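Colleague: quick one, structure for this:
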Amino acid sequence: MPSERRLHPLSFLFSLGAQVRALLVPGLLVLFTARTSAWGWETWTMFVCIPVALGSLFHYLFFRYRYDESEMVIRSGLIFRNERHVPYARIQNIDAVQNVFHRLLQVAEVRVETGGGQEPEATMRVLPLAAFEEMRRRVFDESRRALADPGRDAVAPGPGAPTPPLPQRVLLNLPVRELVLCGLIENRGMVVAGATFGLLWELGLADGISDRLFGKTASARGVGRELFLAFFGRGMPPFGKIALTLAAFAAFFVLMRLISMVWAPVRLHGFTLARVGEDLRTHFGLFTRVSTTIPLRRIQTLTIREGPLHRLVDRAAVRVDTAGGGGGENATQREWLAPVIPRSELPRLLREVLPETDLEATTWRKMPPRAFRRELKSCVIVAVAITLPFVNILRLWALPVLAILLGWAFVHAKLYVAHLGYAVTDGAVLFRSGWLWRQVTVARFAKIQAVALHESPFDRRAAMANVHVDTAGAGQASHRVHIPYLDLADALALFRHLSTHAAQTAFRW
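Modeller: Sure, this is the predicted structure:
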């Protein structure tokens, strides 16, 4: 039997540190609010750290893993023992995360992900960097051998087996200027602001800061409360107060953009995307360094996203979905192949990832003219529903507001349908949607899990239908291939075409 491996001896400290971080804010809150005259129950709850420390120690002592001929075996637990057998061919990604202490000690937290769930199959806290590289080599090399010759008896290479270095080619290297642009476009400042506010709230400092900035009665006499009372006919607040509030909101959003422009270069520092053999590898992060591996054959869908600011600065963003990639705190970061990329470099990147699909030569099929009427009706209903609750406040002003919303509904419906489209190539189906935030998704036939034909009562009345294409890697935030407003005959033809090709194409993870 192959020898079993253990975690790094410092795993106990890193595991304990992760548990302590989770308890840090509640623990500080307990200490600050506990009675000082006697030891109350609040103080005694701090002794929960003792079983946490013992749990971290037992996790290190009883965690083992080994490489068998065709699978990785992971054992853990003292009282409740757990043994998992993970076939190499099922492993989708092996990611490594390093904070400052990891990098100083030359170790990494390793996450092994399969297509079997939203969480990683195994989180190894921590492994030496040499062990991480060995794991990545063994798993992906053996997986490639199994795919190349499914009938052979797999034999994993020995610990000292020489492995020729794989060729590496850098596909994308983002300088600081591009990362600042990424922060401006994506606006992740709200994440930082939300985390800061949550910490202040837990420490009981939020109310004090609010009182210093706005006064103790600001929350009770704010514009929001006055607008709520105006809804019941109590009169509108002064125009100057409304203008001042709007200016404060505008300044807040500008501040969030500035925070995002600082945070993005920190989070994505040194972002590099490289192709190593048949794998895509990314490295990024200033304080917390993240290294990811995505085999090209594991990619389920590829999505190109362009928002208004992307087009203003001639940039785009590229994301791939892989099965099992929906979990973990760094899942979203891993899936972005290019958080920002100049449009001029996009074709070269796509040729590396999807060499069989040429987006520039794709002939898009548009929706029938009736699609505009269907979308316009939905938008008109939404416009009326938004206006009706405010009639009591706006009085006669509700009519021009409704007119503006109806004009916006017409423009939105026209542009939305104009930018809807789909295409079918020899090996993939493509779908695009959106006019402000445009997205194009490519799903290869070999990755299609199911094809469905949907007809709502409104679709049946209009002799129309929707075609839905599902893949293993589609998450809640993914741009799914859901093609609406098709003529029934075209929908049936597309449904049969995709179903036939998906059935005739061998599915591979």
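
Colleague: run me through the strand neighbours of the host helix or strand of Ile304, direction for each.
Modeller: When elements are defined using DSSP states H and E, Ile304 is found to belong to strand 299-306. The pairing partners recorded for strand 299-306 under DSSP bridges are strand 315-322 (antiparallel), strand 438-444 (antiparallel).

Colleague: from the chain's centre, how far out does that strand sit?
Modeller: What separates the centre of strand 299-306 from the centre of its chain is 12 Å, taken as Cα atoms, centre = their mean, to the nearest Å.

Colleague: any weak-confidence spans in this protein?
Modeller: Filtered on pLDDT under 70, the chain yields the residue ranges 1-2, 19-55, 115-119, 143-166, 189-242, 323-335, 393-394, 473-477, 505-509.

Colleague: let's see it at 50
Modeller: 35-38, 153-160, 162, 213-215, 217-221, 325-334 (pLDDT under 50).

Colleague: top helix in it by residue count?
Modeller: With residue count as the measure and DSSP state H as the assignment, the chain has helix 239-267 as its longest helix.

Colleague: ok, then the element right after that helix?
Modeller: Using DSSP H and E, the helix or strand that directly follows helix 239-267 along the chain is strand 272-276.

Colleague: what lies in contact with that following strand?
Modeller: The set of residues that contact strand 272-276 without belonging to it, under Cβ atoms under 8 Å, 6 or more residues apart in numbering, is 166-174, 280-284, 337-338, 349, 352. C-beta: built from backbone N, CA, C; applies to glycine.

Colleague: just the ones of those residues in helices?
Modeller: Among those, the members that lie in helices (by DSSP H) are Leu349, Glu352.

Colleague: returning to that earlier point: contacts for the very next helix or strand once past the strand holding Ile304, please.
Modeller: Reading on from strand 299-306 to the C-terminus, the next helix or strand found by DSSP H and E is helix 308-312. Helix 308-312 is touched from outside by Leu184, Ile185, Ala316, Ala317, Val340, Leu436, Trp437, with contacts defined as Cβ under 8 Å, 6+ apart.

Colleague: what about the residue lying closest to the third one once chain neighbours are set aside, how many residues nearby?
Modeller: Put plainly, it is Ala316. The shortest distance from Ala316 to any residue that is not its chain neighbour, by Cβ to Cβ, 6 or more residues apart in numbering, is 5.1 Å, and that residue is Glu306. For Glu306, the neighbour count with other Cβ atoms under 10 Å is 20.

Colleague: then the one 3 residues further on?
Modeller: With neighbours defined by other Cβ under 10 Å, the count for Leu309 comes to 14.

Colleague: distance of it from Ile185?
Modeller: Using Cβ to Cβ, to the nearest Å, one obtains 4 Å as the distance from Leu309 to Ile185.

Colleague: go on, Val411?
Modeller: The separation that Val411 has from Ile185, given Cβ to Cβ, amounts to 23 Å.

Colleague: list the contacts for Arg461?
Modeller: Arg461 makes contact with no residue under the criterion Cβ under 8 Å, 6+ apart.

Colleague: for it, grab phi and psi.
Modeller: phi -70, psi -30 (degrees, to the nearest 10).

Colleague: go through stretch 378-387 and flag the buried ones.
Modeller: If you call a residue buried by 16 or more other Cβ atoms under 10 Å, then stretch 378-387 has these buried ones: Cys379, Ala383, Thr387.

Colleague: what's the closest non-adjacent residue to the first one?
Modeller: In this case it means Cys379. Leaving out its chain neighbours, the residue that sits closest to Cys379 by Cβ to Cβ, 6+ apart is Ala409, at 3.5 Å.

Colleague: that neighbour: neighbour count?
Modeller: The local packing of Ala409 (other Cβ under 10 Å) involves 20 other residues.

Colleague: that's a strand at it, yeah?
Modeller: No: looking at Ala409 with DSSP: H, G, I helix; E, B strand; the rest coil, it is helix, so not inside a strand.

Colleague: distance check, Arg81 against Arg75.
Modeller: Distance from Arg81 to Arg75, by Cβ to Cβ: 7 Å.

Colleague: how is the chain divided into domains?
Modeller: Structural domains annotated on the chain: 11-89+129-158, 185-267, 272-366+420-504, 370-418, as defined by automatic domain parsing.

Colleague: first-to-last residue distance for the longest one?
Modeller: In this case it means domain 272-366+420-504. End-to-end distance for domain 272-366+420-504: 37 Å, by Cα to Cα, to the nearest Å.

Colleague: one more: stretch 480-496?
Modeller: When the termini of stretch 480-496 are compared using Cα to Cα, they are 19 Å apart.

Colleague: can you check stretch 267-279 too?
Modeller: For stretch 267-279, by Cα to Cα, the gap between its terminal residues amounts to 23 Å.

Colleague: go on, stretch 453-467?
Modeller: Using Cα to Cα, the gap from the first to the last residue of stretch 453-467 comes to 5 Å.

Colleague: next, the buried residues of it.
Modeller: By 16+ other Cβ under 10 Å, the buried positions in stretch 453-467 come out as Leu453, Asp459, Ala462, Met464, Ala465, Asn466, Val467.

Colleague: A strand includes the fifth one, no?
Modeller: Yes: according to three-state DSSP, Ala465 belongs to a strand.
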